[in-house]
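Colleague: Okay, predicted coordinates and the sequence, questions at the end:
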Amino acid sequence: MSTPVLAQPAPDAPVVHRPTVGQRLTSFMPVIALVVLLAALTIADPGFLTLSSLTAAVRTAAPLIVLAAGATVVVLCGGIDLSIAALCSLATVFFALWLPDLGGATTLAIIAATGAIGALQGVVHVLLRIPSFIVTLGGMSIFAAIALVISDAGPIPLSDRDSTKWLTLYVAGVLPMAFVVALVLVAVVSLVLKLTPLESWVRATGYSESAARLGGAPVDLVKIGAFTLSGACAGLAAVMLVSRNFSGSPTMADNLLLPAVAAIVVGGTAITGGHGSLWRSLAGALVVTLLRVGLPIVGVPSAYEQILYGAIIVAAVALTLDRSKVLIIK
Amino acid sequence: TETAAGGGGETAAAEGCAPEDVTLVGQVRNESNPYEASWLDGGDAFAEQVGLTQERLTYDGDSTRQQEQISQLLAGDTDCLVMNILPNGDSDTPPIVEGAEAAGAYLVTQWNKPADLNVTDYDYWLSHLTYNGVESGKQIGDALSEAIGGSGGIVALQGILDTGAAKDRFAGLEESLAANPDVELLDDQTANFSRAEALEVTKTLLTKHGDDIKGIWAANDDMALGALEALQQAGRDDVAVVGIDAVPDALTAIEDGTMTATVSSDGPWQGGIGLAIGYCVATGELAAEDIADEDRAWYAEQFLIEQDNVADFVSPETDEADFACDNLFSRSQGAMS
Amino acid sequence: MTTSPAEADTDVVHAQRPRPRRGVSLMDAGPPIALVVLFGVFAAMSPGFRTFSNVQNVLDAAAVLAVVTCGISFVLMMGSIDLSAPGIMGASAITVALLVANNRNDNDLGLVGVLVAVLVAAALGCLSGLALVVLKVPSFMATLGVSAVGLGVATLMFAGVQPNISDAMLEGWAVERFLGLARLTWIALACVIAAWLVQRYTRLGRYAFAIGGAEEVLALSGVRVAPYKVAVFTMAGAFYGLAGVMVTSQLGAGLVQAGRGFDFSAITAAVVGGTLLIGGRGGILQSTVGVLLVTVLTNGLVQVGVSPYWQGGVQGLIVVAAVAAAVIPQRRRNQVTK
Amino acid sequence: MTTDLQTDPGPRAPGSPAALEVRGLVKHYPGVKALDGVDLVVRQHEVLGLAGENGAGKSTLLKALVGLVRPDAGEIWVRGEKVRLRSIMDAADHGIGMVFQEQSLVPNLTAAENIVLGSEGPGVRRGVYRWRTMRALAQEQLDKIGSHIDPLARTDTLSFADRQMVEIAKVLRIEERTSHPPVIILDEPTSVLESKEIDTLFTQVRRLREFASVVFVSHRLDEVLDVCDRVAVLRGGQSVGEVPAEGAAPAELHRMMIGSTGADDHYHDSAAERSDEPRRPRLEVRGLSGKTFRDVDLDVHAGEIVGIVGVHGSGREDVCRALFGAEPTTAGEVVLDGKKLELSGTRAACAAGVGYVPAERKTEGMVGPMSVADNMTLTKQQARCSGPVVRPRKQASLVDGWIERLSIRTPHRGTAIQRLSGGNQQKVVLARWLVAGDVRLLLLDHPTRGLDIGARSEVYRLMRELANSGVATVLLADSLEEAIGMSDRIIVMSDGRATKEVAAPAGGKPTPLDLVKEMV
Ligand SMILES: Nc1ncnc2c1ncn2[C@@H]1O[C@H](COP(=O)(O)OP(=O)(O)OP(=O)(O)O)[C@@H](O)[C@H]1O
Ligand SMILES: Nc1ncnc2c1ncn2[C@@H]1O[C@H](COP(=O)(O)OP(=O)(O)OP(=O)(O)O)[C@@H](O)[C@H]1O
Ligand SMILES: [Mg+2]
Ligand SMILES: [Mg+2]
């Protein structure tokens, strides 16, 4: 074998990869947007910025954070999960129905069940190659129908409020437990992604599914996993809603779909996949919650509120999106 | 149950708030619906009457958003807060009630309440009022039977399936059907209280059942109006239509004779009365414990409106006297069963 | 050194296969077949379904959705998404109701009122486009924002009192028939044909298609895509505006909620028909097939007598199944499904 | 022959000014100086070759010439006039057009539309398409290069080579835009073409010289010397000199490119130590059939490199993909190391120790926005972690090791792979399977496409090294010579069938002609 050894020039001394100030700033943009919004609301109504008000806001935001966090992973994989809200509603019904039999284990059972339903959607998406948009759109109406039927189209009161009481407690007197749970979820999922190869597989799948697949990444499993997580998060969010409403109802969370997706996008996660993070969605969910509750509370009239909501949410995305990472914006 | 009320203890100042310290809040689904807009206007009228302004909240038919707004509201200053709330659905009432109780805010709810939730168990939930849905459903059902001459096929357009109002009204229809054995319910579909959906559903039902349809029972006037459009487009003028709510367009239609009957629900009065009850208690003019148990959860007076009496309802006006502290429950038709 | 001699003697004779294809192929036949099958199944199950008047009814019922879908198809072809239909339709519905003869004011602008409403809608659509290309906000969010703005504008104009129209022309659109179909249905048909012509024969249409295929390549060819994107959203807005007017004509009143639910049903229709969300696929004709599929489904389920509780679920199931049936024969190696 | 010869630049010289002149062009990217004061002269009516290693800055320079890259410093003169090129249209107005290294056609438009895209002229009147005119315009361009593609075929249904032809047809539209002799830039146009098409292209390039100037980039140096009048060499973003093509030797060019004497041979004879005992082959394919191939039998032994040659559409690429589980099969059995290989999906293949390097690097080979390190360790995460948790340090040292071994020019392992030059990207993609360590069967589809000579011989060396360590390799080579040089055995495929097997042991290599006879 004649192997010519080339006199290759030594590779350039590795330059230490340090993000510029601008890059650092873009990764903090969701937080900046949050602070700006809070400041604006406070200026509009100085009474808004109180501890109890902030506590109420984060407590309110908890289910949305959880929903958005789960769906973020699906979005990072390049898909979308439109079924989260309907699945969450269904889970509230399940919770109320199962509570008498399962007692304390209901919460885990719910999360396991919704996780399994999410996985099923993932399998359908992956095996039948149906776009996730359609699979989960179909899922959305199917779950809604099941919820309607098994609940007999009405709310089901909790037989025992104590089982969800822990979620309504406060840590250190000010931090609502539901919010803490949401934080822990975001932290754990982020860490698991970071510390395992999952993150690079998820991103690769989102950026370029075919390259990821041909590059040997377990694309199908990653996608099914993402849908499973998204489903499980819907279950957890359902438990939070039930703890707040003392009942399960077949349409309870239905209106959280668009806010959840908005939270993801406002956080700066690319809806096309690949770029983004759960932390961004956390900040996004807080921004969306503040908009949903803050505008009317500070006294913006209903019609103007909608106009402002539209304008602010677009502005927030304009602020948070890291355009260096997303070359083409669809 | 005497709910542990953290904020309640210090604010339960029975002596009452100064009238100018009272905050009035009215919350409905949206302002793009004539009935609910008139509700908020009624609230404004009452607020003006007592020299205050009403904070108008809308949640766009979004249960979670309603809860979010209320918990944010209750996180603020609740000392002299009076809330007149239209819960989105039955399941939305308990958390609102619990929240208000814990924060010590005066609350009046309307329309939706789970049957097993008792107003008398709470201190700050002053009253819940509604119209007897079974009764309204039955009244218009009977009117419809009469209009089609006591026999023939009808179809029903149901409201949002998981609301108490939709269920009660439909139960009323069933009662009416039982009383009119010759009237046959050919089909029931939901059109979600929406005019546009009612239009499509009715069109389909018209092709499905054709001339068998003699009457259309709609769980609210919006759907009845949608059905009327569908009838007009199908060139059918032989079908009687009934609805509930007495929205202005329905009244016009009844005047014209295109619609048969509706049942009044008085938006402006509802918007005012809830605030009035809260205001009277907050200012100490009325002690919460003096409200009779049958006035804690009650049916408000309603009227079947047909062509002969429609003129009386065309321009509903709020009467200041209705909101006087000693006259708050004058429209009561009795306690909720 | 023999890196790679291009010697003539290594020349290879081409064994070209007739692979290159023009436009459509059998692979695109899935949705039409699904439509026929679905139609057949319902016709077999329900005598009411197969009546002539019900077919009329299906076509009439498809009219508004078809017009909305015309608009959204161009956006989807670009690979963007558009959720602004509810807001834009609401705004145009109230606008037109207040401009033609109505019970709120003395306006009686007739066709001009319709035109103004469509223009207002186009302006709102343009806003989405501008937010996309100027602020670089993804269309999902830009259009969601514009939808909220549209609803707000509509609510402002609504001002608590229902505007009912008494304009003879507009009311006639829904009532009067020509060859058995309502005027609105003909309007919708005209829209579909116009949209198809735009897609096939105009630079705007072809570029919208190309943007979905490979946006970056257009830039490399010196095409400035931004104006075309704005134009596509503006055109979509105009279609929604017309749809809002049509709803007003049907309901005889301007409703803020005139467009409720049309965003997702239009996307569903387009996707079921084969205008995929990744962009660069499908087109107006495919979307129109999707509209018919969805409408037949909605109508058929009522005709067959499926419980209202289950209708949504059955519809979801069938939509997934229809797409699966359409997709399976097209499965290619290493296909990307988003 | 003079190397490092600095010919007198044109602008102020008497007679006609240079068609294009570049002075001191500088372009920085984060962490790299892609261009470091490049000077270049393109005379009128000449074909100028541009040579340089992967990452030398060729593409960057050319992109600056068409206004896609805004240089940090330096001047560009066109026909004696200093210009600033802000956009590709600007460049086109000055008569400069380019065929890009990565294909740039809109896949869902027709070939005709792609050809006239952006300068439809009479093809579109007032925003309305006139399909006939459009078709005629496109046909005119296609005729120029003697291509017989249907102008109304959708581009994504065309073969890679046909698409390349469409690109060339497209750039020739520039003739219509300007009255001046245009400058046409071809960045590695031949890397995806077959020899017949290359000939067509060269005929075309020579024709172009009559009325235009051409800048031509290729890593096949003999090709460059064949078609060009003069060759300029870039190294590390600087001009290091130029040579007249007449009489120059590839070795000389190569020396200039790398700055020292380098390899003179690029093909490797197989390792002799391979025992010829009749062992069971590592890979046994029996009767494999799919959409585009039928009844393919194939044996590959451990340590053996088997080349598959065939004309376009012979189905060899799909066989490779099928073996990797990325293409459905209808029949057949595949046994790897005595165990049946499930062709159910790529994951099963990976798990069984099969590696695949796809030909279309940009879309299938790499995940553009992800870092070099992540791309390299996409597959076998054992490489970056023992157990389920990643170990960034271990990953870093491993990746850095391969970056150094393969001389991958990247500022850092954390740099997004899309910022690397094409050749360096390919090295990363290859490295992915090398990092994995336990690959038993490697399927290489055009693994050296777009690589410079140095990188190429590095890849050859690696392939051989891997083979010696026992990996079985299937190679779809870039050229027949490469196939012959690298393979121990060659399978000829035609029309979806394996028609012939040719032994190619060291010392007993067949000639290209032998193979071509079998291929048709
Ligand atoms: N957009 C970019 N961002 C950052 N660095 C870049 C970018 N484009 C090119 N580079 C860097 O500039 C250098 C020159 O790249 P260029 O593409 O010009 O090389 P080339 O000579 O064309 O190589 P090849 O033969 O592989 O195509 C490389 O080191 C590359 O990593
Ligand atoms: N009969 C056919 N019908 C449809 N597609 C085909 C057909 N034959 C081949 N193809 C497709 O054409 C492409 C190239 O085919 P193939 O793999 O046979 O080329 P190749 O022999 O590898 O040529 P190259 O030298 O360019 O690599 C593949 O994507 C394959 O799927
Ligand atoms: Mg290059
Ligand atoms: Mg090939």
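Modeller: Arrived safely, thanks for sending. Residues are numbered from 1 along each chain as shown, chains lettered A, B, ... in the order given. Ligands and ions are numbered 1, 2, ... in the order given.
Colleague: Is stretch D:404-421 positioned near chain C?
Modeller: No: taking CB under 8 Å from any CB of the partner chain as the criterion, stretch D:404-421 and chain C are apart, separated by no less than 11.6 Å. Every C-beta, even on glycine, is put in place using the N, C-alpha and C of the backbone.
Colleague: Now that stretch: buried residues?
Modeller: Residues of stretch D:404-421 classed as buried under the neighbour-count rule (16 or more other CB atoms under 10 Å in any protein chain shown) are D:406-417, D:419-421.
Colleague: Which members of the residues you listed define the maximum pairwise distance?
Modeller: Of all pairs drawn from the buried residues of stretch D:404-421, the greatest distance, 19.2 Å, lies between D:S407 and D:A416 (CB to CB).
Colleague: List the residue ranges of the stretch 201-337 of chain B that fall below the pLDDT cut-off.
Modeller: Judged by pLDDT under 70, the stretch 201-337 of chain B has its weakly predicted residues at B:316.
Colleague: Just after whichever strand or helix holds D:I491, pick out the following helix or strand.
Modeller: D:I491 belongs to strand D:489-494 when elements are defined using DSSP states H and E. Scanning the chain past strand D:489-494 towards its C-terminal end, the next helix or strand to appear is strand D:497-503 (assignment: DSSP H and E).
Colleague: As CSV, could you dump the C-alpha coordinates of that following strand?
Modeller: What follows is strand D:497-503, C-alpha atoms only, in CSV (Å, rounded to 0.1, in the frame of the first residue of the first chain):
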residue,chain,number,x,y,z
ARG,D,497,-28.8,-5.6,-12.3
ALA,D,498,-25.4,-6.6,-11.3
THR,D,499,-24.1,-7.7,-14.7
LYS,D,500,-20.5,-8.5,-14.3
GLU,D,501,-17.8,-8.9,-11.7
VAL,D,502,-14.3,-7.8,-12.5
ALA,D,503,-11.4,-8.7,-10.2
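Colleague: Who does it pair with, and is each partner parallel or antiparallel?
Modeller: strand D:489-494 (antiparallel) (DSSP bridges).
Colleague: Would the partner strand count as contacting ligand 2?
Modeller: No: for a cut-off given as CB under 6 Å from any ligand atom, strand D:489-494 has no contacts with ligand 2; the smallest distance is 7.0 Å.
Colleague: Just the mean pLDDT for that strand, thanks.
Modeller: Model confidence over strand D:489-494, given as mean pLDDT, is 88.
Colleague: Let me see the residues that make contact with that strand.
Modeller: The list of residues contacting strand D:489-494 from outside it, by CB atoms under 8 Å, 6 or more residues apart in numbering or on different chains, reads C:15, D:293, D:296, D:298, D:304-311, D:314-316, D:319, D:483-484, D:498-504, D:510, D:515, D:518-520.
Colleague: wait, isn't D:A359 in contact with D:D445?
Modeller: Yes: using CB atoms under 8 Å, D:A359 makes contact with D:D445 at a distance of 4.2 Å.
Colleague: Mutual contacts of those two, please.
Modeller: Taking CB under 8 Å, 6+ apart as the contact criterion, the residues that touch both D:A359 and D:D445 are D:E317, D:L476.
Colleague: Hmm, A:A303 is touching B:E31, no?
Modeller: Yes: using CB under 8 Å, A:A303 and B:E31 qualify as a contacting pair, with a distance of 6.7 Å.
Colleague: Which of these two has more residues huddled nearby?
Modeller: With other CB atoms under 10 Å in any protein chain shown as the criterion, A:A303 and B:E31 differ in neighbour count, and B:E31 comes out ahead with 26 against 22.
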